[in-house]
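Novice: Can you look at this prediction? I've put the sequence above it.
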Amino acid sequence: MHGHHVIIRVVSIALALTLIAPVVSAKTRKSPWLTAHEVLAYELNGGSTGRPECSRAIEMGGTLCKTAALPGKALTQTQRERLAALSRTPGALNNELTKCFIPHHTFVAYDAKGRPVAEMTVCFMCDMVDIGPLGGTRLRGVSPSSLNELRGLCREIGLAGCDRRTP
């Protein structure tokens, strides 16, 4: 009987590890904002209030939208950590939809070869972001506290129009 209890215990532990492994790996997976060689912030679409020329910073083929104001502004390690925390904080982002998405700000993570690996494009007028690894982005609403954090980060970096609220 003793051997039977050992087998049950081993199977129970293995099952428990199998169930928690995805949760642990999701929490410990490094954010592209932290692993990237460089993260730059840009202004997009100038002062446009109509349909944006670019609704994402990175266009098909991996090129930066032609309306991005160059050069981009490099984020410090602390600013990158804040951006990473914002992008993975439960409740910071939601999937509420809105009619308006005229983004004027974006954050782009680049690898060591200068290739974009992730982007967060922001519309402060409608409280929406398009965020994620390239090819996997989607629009999300931003909670009021997260929006304030993004606005503060935008101002701190020195981008214009961070307090824009209407088209």
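Specialist: Yep, that arrived. Residues are numbered from 1 along each chain as shown.
Novice: Show me the domain layout of the chain.
Specialist: 1-29, 32-157 (automatic domain parsing).
Novice: what's the average pLDDT for the first one?
Specialist: Predicted confidence along domain 1-29 averages 43 (mean pLDDT).
Novice: can you check stretch 65-82 too?
Specialist: 94.
Novice: what about it, start to end distance?
Specialist: With Cα to Cα, to the nearest Å as the measure, stretch 65-82 spans 24 Å from end to end.
Novice: which residues sit against it?
Specialist: 33-34, 36, 38-46, 48, 52-54, 56-59, 83, 106-108, 149, 153, 156-159 (Cβ atoms under 8 Å, 6 or more residues apart in numbering). Every residue, glycine included, has its C-beta placed from N, CA and C.
Novice: Now, the residues you listed that are in strands?
Specialist: E38, V39, L40, A41, Y42, E43, T106, F107, V108 (DSSP state E).
Novice: Of the residues you listed, grab the buried ones for ChimeraX.
Specialist: Applied in ChimeraX, the following selects the buried portion of the ones in strands among the contacts of stretch 65-82 according to 16 or more other Cβ atoms under 10 Å:
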select :39,40,41,42,43,106,107,108
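Novice: Identify, from the ones in strands among the contacts of stretch 65-82, the entry nearest to V122.
Specialist: For the ones in strands among the contacts of stretch 65-82, the closest approach to V122 (Cβ to Cβ) belongs to T106, at 6.7 Å.
Novice: now for the longest strand seen in the chain, which elements pack on it?
Specialist: For the chain, the strand that runs over the most residues, judged by DSSP E, is strand 116-123. Applying 3 or more Cβ pairs under 8 Å, 6 or more residues apart in numbering; DSSP states H and E, one finds that strand 116-123 contacts helix 32-35, strand 105-110, strand 128-133.
Novice: Could you dump the ones you listed into TSV with distance to K66 added?
Specialist: Below are these laid out as TSV (distance: least, Cβ to Cβ, whole Å):
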stretch	distance to K66
helix 32-35	23
strand 105-110	13
strand 128-133	17
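Novice: So which of these has the densest surroundings on average?
Specialist: Mean neighbour count (mean count of other Cβ atoms under 10 Å) peaks for strand 105-110 among those, with a mean of 25.
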